[in-house]
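> Model the structure of this input:
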Amino acid sequence: MATVASAIEEASRNALKEALGVVGHGTPVGNLLDQVADSPYLERFRDLTIGELLEAMSGASKPRRGRPPGSGSAPAKKKGKGSRKSFSTRTDAGRKKIDAAVSDFLSSAGEAGAEQIRSAVGGTSAQLRQSLDRLRKAKKVSRKGQKRGTRYTWKG
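So this is what the prediction gives:
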């Protein structure tokens, strides 16, 4: 069990390492030693290992944001841009392309929810919603249900 004194020692050591992280890479070692020798932290500096000093100087000792390593399951990674098929729906050709992809999927699946369609086809939620609205107006798709329970059925 850690004592208050050892916790203070560790905090002081970490503060020194953090302070060393702001020293520029071009600083001569002699200048660094002169600065530390005139400070009340000389004993703390003497306790540092070369590895800790190099780590502090490289900035690697800065506190990490987020969950500490090994603290349970990591949050699900989001897919990066370009990982799904994208559509440029600003043009008529792009809108026809996503409409065709949605039509192809629904004609083979028969019935599906929006998320199921989106994961198969790609595009954004807004693009998919607009495509489904166009297909409904063209009487190729019917919709039943509300909110997340909405199902789209291919009518052809």
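> I'd say residue 156 and residue 107 touch.
Yes. With contact defined as C-beta atoms under 8 Å, residue 156 reaches residue 107; the gap is 6.9 Å. Backbone N, C-alpha and C define where each C-beta goes, glycine included.
> quick one, strands of this structure?
Along the chain, counting by DSSP state E, strands occupy 111-113, 141-144, 151-154.
> List the strands paired with the second one, with their directions.
What that stands for is strand 141-144. Applying DSSP bridges to the sheet, strand 141-144 is found paired with strand 151-154 (antiparallel).
> Could you do the shortest one as well?
Strands flanking strand 111-113 in the sheet, each with its direction: strand 151-154 (antiparallel) (DSSP bridges).
> For residue 116, see how far away the nearest residue to residue 115 once chain neighbours are set aside is.
Leaving aside its sequence neighbours, residue 115 sits nearest to residue 148 (C-beta to C-beta, 6 or more residues apart in numbering; 8.0 Å). Per C-beta to C-beta, to the nearest Å, residue 148 is found 11 Å from residue 116.
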